[in-house]
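> Here you go, sequence then predicted model.
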Amino acid sequence: MTIKSLTTENWLQPDSNGLSFLKTGDVPELTGEDWLALFLRVKLAPQVPDNVRADFEVARGALVYGYYFSPLFALAAEPLARAAKSAVFEKCKKLGVQTVYKNGMQLHLSQALAWLRHHECISRAELHEWEEIFKYADSSSQHKKSLPPSDAVVKYFHSVGEKINGLFG
């Protein structure tokens with residue numbers, strides 16, 4: 001795949017590399033406003049902690065501007081995964097689980113998820129969905145040279161927002 005070379009003429013032009021899935025079949029091409037609307041639909045619950053919200057907004061910004069420069073899709077995976085991980089740990093802390101031990105070691109993510117499942121804060125299906133979120137994040141961070149399809153990016157963003165809201169909403 002060719003990375004868009006930015007110029008003064010094309011920097012505000014949609015990046016066809018990342019949005020190619022939108023031009024197939026009978027799907028009309030999305031405008032920048034349409035693309036923005038896909039990401040603005042996700043609203044985090046007011047109870048979501050500020051640190052989770054901040055990482056989520058960084059990811060949202062990168063994904064929105066990925067419309068113009070598609071490599072931002074891959075870069076957005078990191079703050080989005082960080083928001084998801086922080087949400088899990090913040091929920092544990094809120095419920096009184098010690099997430100950082102005296103020796104400085106942090107509770108492992110899988111342990112935190114298992115604790116939330118064991119105490120019925122999340123269902124078995126939700127546990128699986130959380131695990132899938134982190135698998136996707138790991139795979140996208142390992143393959144930064146290849147961009148994820150735009151439709152997968154949108155679905156992943158919506159899924160993370162939904163799971164975060166499920167913990168705090």
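Looks like it arrived, so ask away. Here the structure is a predicted model, which means the values were calculated and not measured.

> By neighbour count, which bits of the helix or strand of the chain with the lowest mean pLDDT are buried? Give me those.
Of all helical and strand segments in the chain, the minimum by mean pLDDT, DSSP states H and E falls on helix 124-142, at a mean of 82. By neighbour count, with 16 or more other CB atoms under 10 Å as the criterion, the buried positions of helix 124-142 are 126-127, 129-130, 133-134, 136-137, 140. In this view, the C-beta of every residue, glycine as well, is placed from N, C-alpha and C.

> Could you provide the residues you listed in a markdown table, with additional columns for distance to residue 52?
Formatted as a markdown table, these follow (distance: CB to CB, whole Å):
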| residue | distance to residue 52 |
| --- | --- |
| 126 | 17 |
| 127 | 19 |
| 129 | 17 |
| 130 | 14 |
| 133 | 13 |
| 134 | 15 |
| 136 | 18 |
| 137 | 15 |
| 140 | 19 |
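
> Next one, pLDDT for the most centrally placed residue in the chain please.
In the chain, the centroid-proximal residue (CA atoms, centre = their mean) is residue 80; its distance is 3.4 Å. pLDDT, residue 80: 93.

> tell me which element it falls in.
helix 71-94 (DSSP states H and E).

> what's that helix packed up against?
Packing partners of helix 71-94 (3 or more CB pairs under 8 Å, 6 or more residues apart in numbering; DSSP states H and E): helix 50-65, helix 109-118, helix 124-142, helix 150-168.

> Only alpha carbons, please: show it as PDB.
C-alpha atoms of helix 71-94 as PDB (Å, rounded to 0.1, in the frame of the first residue of the first chain):
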ATOM      1  CA  PRO A  71      -2.100   6.000   8.900                       C
ATOM      2  CA  LEU A  72      -3.800   7.700  11.800                       C
ATOM      3  CA  PHE A  73      -6.100   4.700  12.000                       C
ATOM      4  CA  ALA A  74      -3.300   2.500  13.200                       C
ATOM      5  CA  LEU A  75      -2.000   5.200  15.600                       C
ATOM      6  CA  ALA A  76      -5.500   5.500  17.200                       C
ATOM      7  CA  ALA A  77      -5.400   1.800  18.400                       C
ATOM      8  CA  GLU A  78      -3.000   2.600  21.200                       C
ATOM      9  CA  PRO A  79      -4.900   5.300  23.000                       C
ATOM     10  CA  LEU A  80      -8.200   3.400  22.400                       C
ATOM     11  CA  ALA A  81      -6.700   0.300  24.000                       C
ATOM     12  CA  ARG A  82      -5.300   2.400  26.800                       C
ATOM     13  CA  ALA A  83      -8.800   3.800  27.400                       C
ATOM     14  CA  ALA A  84     -10.300   0.300  27.500                       C
ATOM     15  CA  LYS A  85      -7.600  -0.900  29.900                       C
ATOM     16  CA  SER A  86      -7.900   2.100  32.200                       C
ATOM     17  CA  ALA A  87     -11.700   1.600  32.300                       C
ATOM     18  CA  VAL A  88     -11.200  -2.000  33.500                       C
ATOM     19  CA  PHE A  89      -8.800  -0.900  36.200                       C
ATOM     20  CA  GLU A  90     -10.800   2.100  37.200                       C
ATOM     21  CA  LYS A  91     -13.900   0.000  37.700                       C
ATOM     22  CA  CYS A  92     -11.900  -2.400  39.800                       C
ATOM     23  CA  LYS A  93     -10.600   0.500  42.000                       C
ATOM     24  CA  LYS A  94     -14.100   1.800  42.300                       C
END
